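A.B. asks: Quick one, fold the following:
(2 chains)
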Amino acid sequence: DGGITQSPKYLFRKEGQNVTLSCEQNLNHDAMYWYRQDPGQGLRLIYYSQIVNDFQKGDIAEGYSVSREKKESFPLTVTSAQKNPTAFYLCASSMGRGLTGELFFGEGSRLTVL
Amino acid sequence: SQKIEQNSEALNIQEGKTATLTCNYTNYSPAYLQWYRQDPGRGPVFLLLIRENEKEKRKERLKVTFDTTLKQSLFHITASQPADSATYLCALAENSGNTPLVFGKGTRLSVIA
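C.D. replies: Here you go, the predicted structure:
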């Protein structure tokens, strides 16, 4: 079955540590996205990528980094510079390089900073 | 400033009634609007898309309208069921096509048996 796989589903981190969230898709989609979701805040865009080896900052990129070395993979690193990293993180993809198509989401990764 | 607002954070309705959710936007020129359903702890799932030149779109018990004059989309669920309880998100795509979707904060719908 085609889809998007995020891992881990739950992650605990101590303050000052970097963590990397994995996102893999086998839909052959060009565009991939990372969103953060906090209670009452809706979905906020962190980074997006329309093509391999290229990515753009979203609305809340500070304290995060990404890479897009392969079409199917778009990992997100939450660095120690992110002041409030506890949140639900969602990865998504869409067909084509345009940014306005239907989004396919993964099941999310919940990060808790202890 | 640009805003997309779903003006009810939560909505409770009786089973069998029609649920109506609202999405309003300011200072956008959307090419189309999308609606998603999100269950607790899960990723959103796409439901419907409506283009700026379409007034209404239907899919089974779901209906979406789009009024560019009022700058508003309405999302209806007819004959609602407890299984329809979820958070519903609207998202708009700008005419330029060069920017990602912008999401509203969502409306949490509870259908009471």
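
A.B. asks: strand partners of the lowest-mean-pLDDT helix or strand in chain B, parallel vs antiparallel please.
C.D. replies: Scoring the helices and strands of chain B by mean pLDDT, DSSP states H and E places strand B:3-5 at the bottom, with a mean of 91. Using DSSP bridges, the strands paired with strand B:3-5 in its sheet are strand B:19-26 (antiparallel).

A.B. asks: contacting residues around the least confident helix or strand of chain B?
C.D. replies: Contacting residues not belonging to strand B:3-5 are listed as B:23-28, B:90-92, B:102-105 [CB atoms under 8 Å, 6 or more residues apart in numbering or on different chains]. The C-beta positions use only the backbone N, C-alpha and C, and glycine is treated the same way.

A.B. asks: Narrow the residues you listed to those that are buried.
C.D. replies: Taking 16 or more other CB atoms under 10 Å in any protein chain shown as the criterion, what is buried in the contacts of strand B:3-5 is B:23-25, B:28, B:90-92, B:102-105.

A.B. asks: I'd like the contacts of strand B:3-5 laid out as CSV, including pLDDT and distance to residue A:72.
C.D. replies: Output for the contacts of strand B:3-5, formatted as CSV (pLDDT from 0 to 100; distance: CB to CB, whole Å):
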residue, pLDDT, distance to residue A:72
B:23, 96, 32
B:24, 96, 37
B:25, 95, 33
B:26, 93, 37
B:27, 91, 36
B:28, 89, 32
B:90, 96, 29
B:91, 96, 24
B:92, 93, 28
B:102, 92, 26
B:103, 94, 24
B:104, 94, 30
B:105, 94, 31
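
A.B. asks: For the least confident helix or strand of chain B, list every residue counted as buried.
C.D. replies: Buried residues in strand B:3-5, counting neighbours by 16+ other CB under 10 Å, are found at residue B:4.

A.B. asks: List the buried residues of the next helix or strand after that strand.
C.D. replies: Next in sequence after strand B:3-5, counting helices and strands by DSSP states H and E, comes strand B:10-14. For strand B:10-14, the neighbour count (16+ other CB under 10 Å) marks B:11, B:13 as buried.

A.B. asks: which ones are touching residue B:88?
C.D. replies: By CB under 8 Å, 6+ apart, the contact list for residue B:88 reads B:6, B:21, B:35-38, B:47, B:75, B:106-107, B:109.

A.B. asks: possible to save these as TSV with distance to residue A:45 and secondary structure?
C.D. replies: Output for these, formatted as TSV (distance: CB to CB, whole Å; DSSP: H, G, I helix; E, B strand; the rest coil):
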residue	distance to residue A:45	secondary structure
B:6	17	coil
B:21	22	strand
B:35	18	strand
B:36	15	strand
B:37	20	strand
B:38	16	strand
B:47	20	strand
B:75	22	strand
B:106	15	coil
B:107	20	strand
B:109	24	strand
